[in-house]
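S.K.: Sequence first, then the predicted structure:
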Amino acid sequence: MRHARPVLFLSSVLLLLSAPAGAADCIACHEKSSPQIVADWKLSKHSGNAVGCEACHGDGHTTMIDAAKATLPTPETCEVCHEARVAQFMKGKHALAWVSMNAMPTIHAQPVALIAGMKGCGGCHKIGTKSEADLKAIATSGGRLHGNASCDACHTRHTFSVKEARQPQACQTCHMGFDHPQWEMYSASKHGVRYLLKQNGTLPEGTPAPTCQACHMPSGDHEVRAPWGFLAVRLPLPEDPQWKADRITILQGLQVLDPDGKPTARLDAVKAADIARLDEASWVQGRAKMVAVCTQCHSADFATGELKKGDDMIREADHLMAEAIRIVAGLYKDGVIPKPAGAGLAFPDLLTFHDAANPIEQRLFVMFLEHRMRAFQGTFHANPDYALWYGWSEMRRDLTEIRHLAEEMRAAKARKG
């Protein structure tokens, strides 16, 4: 008899949990279990247009014990109402973020928490579209792995605010830090300072002040891409003989070209991930699009001149980078340090990142992915300090260190006979 009350209570709870729920019950239940989600949704245009929970999450989840039946939205879910924007998104680099991350040769050596668990690269690259296998993994993990949607990376759920997504801070979480500090560059540039002063009311609302979206998503176009691509390498090769030789060396360091300058299998992966611009037409089209944006505030001559300074900085950075790559390649050739495992490559693999085996290769990785990126990105984003002190100057220091390390390593090998 002393167990009757607990058994009766448990039976009542199970009956309550298994009771069918109507659409209105989603709100009634979630106002208790996750009230701020409901508050977000009530602020949204979805709420005002009677777009309820089931439109995005399906109608399979009706009780507290079947939450796993709730579906998680994908870009295709948003496409039902936002067809044009999703079509634009699918043509841009954001849609390829997941593919490009997984194309990195040693990415799967990182802890699951950083990639599939979204606490490292995966935390931003989850914006990219997923394969069927990825979506199945998400479903079986209860949504804890990989991420699922893409639109909500900028239009934060469950408000999905257009106004929020138009603010430069919407880009800040991903576009900051080691190899892509665009937020730091932009927010400290004159463009960014003017917009932040406009946000806090110092400057009038009508003050011209570009945001990230104004330059990279003109008229709300969701096909986000930069003319040079993420790594600032492109084809065809330049006519300038020195720059041509330097870019070939960098492409060899990316393992896109083999030691003889011929395309490798990795070129297909670069194409699939759209990491680089591989034809003149796409670069010209992207540059024309950017000039059109700049001329809303500047003259065409000024705009093209400033953008050419970015091109020139890439050329200067490539010259430093190529010398460093050749120094390390020379160490491989002379047997001072072992070549990368796997294919007996003649050039260091710049995309192995922190998994490079030797300190001199590690310095080369930092030179390429941190300092070279900052040199040209800082120039294009009108941030003098990043272009010089965090970019080109650091590359000069990297090259000095690489030269010195190489000399020491060769001397050590000579002493050993």
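M.R.: Received it, and whenever you're ready, just let me know what you need. Residues are numbered from 1 along each chain as shown.
S.K.: ok, how many other residues are close to Gly286?
M.R.: By other CB atoms under 10 Å, 16 other residues sit near Gly286. Yep, even glycine has a C-beta here, placed from its N, CA and C like the rest.
S.K.: what's the span of stretch 183-193 from first residue to last?
M.R.: Stretch 183-193 stretches 12 Å from its first residue to its last (CA to CA, to the nearest Å).
S.K.: which residue ranges form the helices in the stretch 1-150 of the chain?
M.R.: Here the stretch 1-150 of the chain has its helices, by DSSP state H, counting those that start in this stretch, at 4-17, 23-33, 35-43, 45-48, 53-57, 75-79, 83-91, 97-102, 121-125, 132-140.
S.K.: To clarify, my last question referred to the stretch 151-300 of the chain.
M.R.: So, for the stretch 151-300 of the chain - with DSSP H, counting those that start in this stretch - the helices run 162-165, 182-188, 190-199, 212-216, 241-253, 266-273, 280-294, 300-333.
S.K.: Which residue ranges make up the domains of this protein?
M.R.: 35-57+72-162, 166-170+177-416 (automatic domain parsing).
S.K.: The closest residue to His180 other than its chain neighbours and Cys294: what is the separation?
M.R.: In this structure, His180 finds its nearest non-sequential neighbour in Met373, 6.8 Å apart by CB to CB, 6 or more residues apart in numbering. Separation of Met373 from Cys294 (CB to CB, to the nearest Å): 22 Å.
S.K.: Looking at these two now, which is surrounded by more residues?
M.R.: Met373 (23 against 17).
S.K.: Contacts only, for the more buried one.
M.R.: Residues counted as contacts of Met373 (CB atoms under 8 Å, 6 or more residues apart in numbering) are 179-180, 232, 391.
S.K.: check contacts around Gly378.
M.R.: By CB under 8 Å, 6+ apart, the residues touching Gly378 are 185, 384-388, 390-391.
S.K.: again with Ala303
M.R.: 290-291, 294-295 are the contacts of Ala303 under CB under 8 Å, 6+ apart.
S.K.: Looking at these, spot the one nearest Leu197.
M.R.: Cys294 (20.5 Å; CB to CB).
S.K.: Apart from its neighbours in sequence, what residue is nearest the closest one?
M.R.: Ala303 (3.6 Å).
S.K.: could you check the distance from that neighbour over to Gln213?
M.R.: According to CB to CB, Ala303 stands 18 Å off from Gln213.
S.K.: Closest one of the contacts of Met373 to Ala67?
M.R.: Taking CB to CB as the measure, Ala67 lies nearest His180 of the contacts of Met373, at 35.6 Å.
S.K.: Tell me the backbone dihedrals of that closest one, please.
M.R.: phi -150, psi 60 (degrees, to the nearest 10).
S.K.: Tell me if I'm right that it and Gln377 touch.
M.R.: Yes - using CB atoms under 8 Å as the test, His180 is close enough to Gln377 to be in contact (7.3 Å).
S.K.: if we can go back for a sec, give me the subset of the contacts of Met373 lying in strands.
M.R.: Using DSSP state E to define strands, no part of the contacts of Met373 is located there.
S.K.: among the residues you listed, which two are most distant?
M.R.: That would be His180 and Gly391, which, of the contacts of Met373, are the farthest apart (CB to CB) at 12.8 Å.
S.K.: quick revisit: element containing the residue nearest to His180?
M.R.: Taking DSSP states H and E as the criterion, Met373 maps to helix 373-380.
S.K.: name the helices or strands packed onto the helix or strand just after that helix?
M.R.: Using DSSP H and E, the helix or strand that follows helix 373-380 in sequence is helix 384-387. Where contact means 3 or more CB pairs under 8 Å, 6 or more residues apart in numbering; DSSP states H and E, helix 384-387 is packed against helix 182-188, helix 373-380.
S.K.: again, 10 Å this time
M.R.: If you count contacts as 3 or more CB pairs under 10 Å, 6 or more residues apart in numbering; DSSP states H and E, helix 384-387 packs onto helix 182-188, helix 300-333, helix 373-380.
S.K.: Contacts for that helix, please.
M.R.: With contact meaning CB atoms under 10 Å, 6 or more residues apart in numbering, helix 384-387 is reached by 181-182, 184-186, 188-189, 309-310, 313, 317, 373-381, 391-393.
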